[in-house]
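1. my questions concern the predicted model and sequence given below.
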Amino acid sequence: LCELAYKWFNTPNGKILDCFAGGSVRGIVAAKLGYDYLGNDLRSEQIDANRINAKEVLKDAEIYPTWTCGDSLNIDTIAKGYEADLLFSCPPYADLEVYSDKKEDLSNMSYKDFIAVYREIIRKSCQLLKEDRFAVFVVSEVRYKQEFYYGFISDTIQAFKSAGCNFYNDIVLYNMIGRTAMTCVKGMRKRKVGKVHQNVLVFYKGNPKNIKANYPELDLSYMQEEEIKE
C-alpha cells in the first residue's frame, strides 16, 4: 500500500508528511524508494522503536526517514517550513485501540473531543501540503460501545474538505478474512457484519487540471503482463 501510494500520488522526489507515525513501515518504504519522509508521533517509545526498526532494515542506506516526537496538534510548529508533496497517514481509529494514558492521546478522548482535535491536526497538516498535491489517509469505521458506527470515514472526508482538500478517490484495501471469520460469530448474533476492508481516502489540494503537468504518466505495463499470464 505504501509503495503504491507513493508512486501513484507523490511527485518525483517529493517530500512525505505523516502526522500519525505510529509505526515504522511508512518511513522505511519511503526511504527505500528514495523519498524524503517526516513522521511525527506522540509516544517517544514508538519513535524509538521506529528508529531501531529502520536501522535494522535500512542499515547503511544514504536516505533515512526522519521521525519527531510531539503532539501532532502542534504539527505546524514541529514541521515548520516543511513543504510536503504528499500527506500520507493512518490515524488512530478513535478509541478502538488505546495507545497510552497521555491526555493528549486521541485514543483517550471522547469521540466529540477526538474529532475536534483530529480536524485541527488535518487542517494544520494540509497547510503544510503544497498546492496541487495529494493527501492519502487509511481509515475504517469504528463502533462506539460495540454498537453503532461513529461515522469516522465521513468525518474524515469532511475534515479534509474543510481544510481545502477535495475528495478524489476512495480505494478499498482488502484485509485477510481469517481473523474476522474467527471473531464475527458473536457479533452476528446481533446482526453485526464483520468488516474485512479499510478505506484508503484520497484528497487533492488545488486544481485537478494541473495533475498531468505535475505527475508523470504511470507505467502500468506490469498489469497487462499479469493479464496475459492469466
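-> Received the coordinates, thanks.
2. which residues are in contact with Y150?
-> Listed by CB atoms under 8 Å, 6 or more residues apart in numbering, the contact partners of Y150 are A94, Y111, E141, V142, R143, Y144. No exception for glycine: its C-beta is placed from N, CA and C like everyone else's.
3. state the distance from the fourth one to I28.
-> Meaning V142. 27 Å (CB to CB, to the nearest Å).
4. so which of these two has more stuff around it?
-> I28 (21 against 18; other CB atoms under 10 Å).
5. that one - that's part of a helix, no?
-> Yes: counting by DSSP: H, G, I helix; E, B strand; the rest coil, I28 is part of a helix.
6. surely it touches L58?
-> Yes: counting by CB atoms under 8 Å, I28 touches L58, with 6.5 Å between them.
7. sorry, back to before: farthest-apart pair in the contacts of Y150, please.
-> Y111 and E141 (12.3 Å; CB to CB).
8. which residues touch the closest residue to C165 other than its chain neighbours?
-> Excluding the flanking residues, the one nearest C165 by CB to CB, 6 or more residues apart in numbering is F203, at 3.8 Å. Residues in contact with F203 (CB under 8 Å, 6+ apart) are F134, A135, V136, F137, F160, K161, C165, N166, F167, Y168.
9. can you do 6 Å?
-> Residues near F203 by CB atoms under 6 Å, 6 or more residues apart in numbering: A135, F160, C165, F167, Y168.
10. partners of it in the sheet?
-> A135, F167 (DSSP bridges).
11. how far away is it from I157?
-> 8 Å.
12. anything in contact with each of these two?
-> With CB under 6 Å, 6+ apart, F203 and I157 have common neighbours F167.
13. can you tell me the helix or strand for the closest residue to G194 other than its chain neighbours?
-> Leaving aside its sequence neighbours, G194 sits nearest to C184 (CB to CB, 6+ apart; 3.3 Å). Element membership for C184, per DSSP states H and E: helix 178-188.
14. ok, what's across the strand from the residue nearest to the spatial centre of the chain?
-> Nearest residue to the geometric centre of the chain (CA atoms, centre = their mean): S89, 1.8 Å. Counting by DSSP bridges, S89 is bridged to F137.
15. let me know the pLDDT of the residue nearest to G194.
-> Looking at C184, its pLDDT is 73.
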